[in-house]
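> Please work out how this folds:
(one chain, ligands or ions: 1)
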Amino acid sequence: MKIADFKIEEWMNKYEADAEYDLTTTCISPLSVNDLPYEKSIFDKKLDYGDIEGSFRLKTAIKALYENQQVGNITVTHGAIGANQLVFLSLLERGDEVVSILPAYQQHYSIPEALGCSVKKYFLQEKNNWLPDLNELDELVTLKTKLICFTNPNNPTGAVIADNMLKEIAEIANKKNVWILSDEVYRGLNFIGNSYSRSIADIYPKGISIGSMSKTYSLPGLRLGWIAGREDLIKEINHQRQYNTISVSALDDYFASIALENRDKISARNFKIMNNGLSILKNWLTENPGVKCILPSGGTTALLRYGADISSKELCIKIQQETGVALLPGETMEMEGFVRIGFCADNLKIALNKISKFLV
Ligand SMILES: Cc1ncc(COP(=O)(O)O)c(C=O)c1O
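Modelled structure (predicted):
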């Protein structure tokens, strides 16, 4: 299967390692094993394949993140990246129509395109606070549409689709009997209202929720994600999954269980980092009115519109060469004229002050 270059991942591979100040990151200071209250007996555990579709303990902890999901509605995957891919491979066929809401993780349009689907890209707009215009979305979804996909909370904008709007999107999908994939890897990181938005899987029977340990739970190195969705779909996904996963690592399964069982503590620690980052970002934006940004309502990233007359890639290369600060160019997300920052990054204040003069 031929597939487009994965622009974000290629950029990060090339520039992140050499950065003195890494603002490309979407994670909140990853935890170590020693930060988790693990049981010593884990070191005696035989490293067999483990529970093929994820342990009961882990799926029970994942189930607790939802209102109506059951252990049988959940399957465990190799990160959210594995989860997204499995959904597309299980659900889509050549010729299917997909409405993909951008900006998004590139999997959401490049995998369907590679599978031979017709992908309608719907771009969120700054003037709508990076939220979908539901009339426009309604017009785009047809009887031929098989799947709508989006990210909530959004990476890179940090916009959060509130429950009411989620329900309205579900109604649009329901009229045409369309599946919805909601990439919810940043779920649990809302600044406004309940820190957990309601999941699409709890709102809409054909809603598919993608979750992960990487962002909300600060354990990207576990490489552990999941899919929650209708039982017949999960069965189909597990059939597909046998060809690319067998099981996730038994250690990852164990540490993810421990982390989810202690998620309140992880969340309290992460909100301190996020609130601090957001307040640094707010102050910096006040001091630099030439840079435009709709403040994130959730997640770990913000999209900055810069004034300088230069492509986002050239700008990021220049900034990294001259200051050591790595940023993600909007072009890698089909958002030219913007750069993404991770506002939970270490040394955010120093890094932002270094880049101010390049952005206006
Ligand atoms: C929206 C989104 N989906 C999926 C992923 C992949 O996540 P994971 O590391 O859990 O595979 C990322 C990573 O940045 C992401 O931002």
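
> Who are the contact partners of the residue of the stretch 51-200 of the chain found nearest the ligand?
As assessed by C-beta to the nearest ligand atom, the ligand sits closest to residue 79 within the stretch 51-200 of the chain, at 2.6 Å. C-betas here are computed from N, CA, C, even on glycine. Going by C-beta atoms under 8 Å, 6 or more residues apart in numbering, residue 79 touches 212, 214, 220, 223-225.

> Among those, name the ones in strands.
212, 225 (DSSP state E).

> Closest to residue 347 out of the contacts of residue 79?
The shortest approach to residue 347 among those belongs to residue 220, at 19.2 Å (C-beta to C-beta).

> for the spatially closest residue to residue 296 that is not a sequence neighbour, phi and psi?
Nearest residue to residue 296 in three dimensions, chain neighbours excluded: residue 158, at 2.1 Å (C-beta to C-beta, 6 or more residues apart in numbering). Reported as degrees, to the nearest 10, the phi and psi values for residue 158 are phi 80, psi 10.

> count of residues packed around residue 158?
Per other C-beta atoms under 10 Å, the neighbour tally for residue 158 reads 27.

> isn't it right up against residue 281?
No: if you go by C-beta atoms under 8 Å, residue 158 and residue 281 don't touch, sitting 9.9 Å apart.

> okay, and the common contacts of those two?
Common neighbours of residue 158 and residue 281 (C-beta under 8 Å, 6+ apart) are 295, 302.

> All the helices of this protein, in order from the start?
7-15, 56-63, 79-91, 107-114, 134-140, 163-175, 200-203, 231-241, 250-261, 263-287, 312-323, 348-359 (DSSP state H).

> Show me which residues of the fifth one are buried.
When burial is assessed from 16 or more other C-beta atoms under 10 Å, helix 134-140 yields the following buried residues: 137-138, 140.

> Redo those residues as CSV? Include pLDDT and distance to residue 288.
Shown next, in CSV, are those (pLDDT from 0 to 100; distance: C-beta to C-beta, whole Å):
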residue, pLDDT, distance to residue 288
137, 98, 33
138, 98, 38
140, 98, 36
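
> Which stretches in the stretch 1-150 of the chain count as strands?
Assigned by DSSP state E, counting those that start in this stretch, the strands in the stretch 1-150 of the chain fall at 21-22, 74-77, 97-102, 118-123, 145-151.

> Including distance to residue 129, could the ones you listed go into a markdown table?
Below are those laid out as a markdown table (distance: least, C-beta to C-beta, whole Å):
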| stretch | distance to residue 129 |
| --- | --- |
| strand 21-22 | 28 |
| strand 74-77 | 31 |
| strand 97-102 | 14 |
| strand 118-123 | 14 |
| strand 145-151 | 15 |
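
> what would those strands look like in CSV with distance to residue 167, mean neighbour count and mean pLDDT?
Converted to CSV, the strands of the stretch 1-150 of the chain look like this (distance: least, C-beta to C-beta, whole Å; neighbours: other C-beta atoms under 10 Å; pLDDT from 0 to 100):
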stretch, distance to residue 167, mean neighbour count, mean pLDDT
strand 21-22, 38, 20, 98
strand 74-77, 22, 26, 98
strand 97-102, 16, 23, 98
strand 118-123, 18, 16, 98
strand 145-151, 14, 24, 98
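
> measure stretch 25-37 end to end?
End-to-end distance for stretch 25-37, by C-alpha to C-alpha, to the nearest Å: 26 Å.

> now what about it, what contacts it?
For stretch 25-37, the surrounding residues in contact (C-beta under 8 Å, 6+ apart) are 16, 155, 214-215, 217-221, 255, 258-259, 262, 266, 270, 273-274, 300-301, 342, 344-346.
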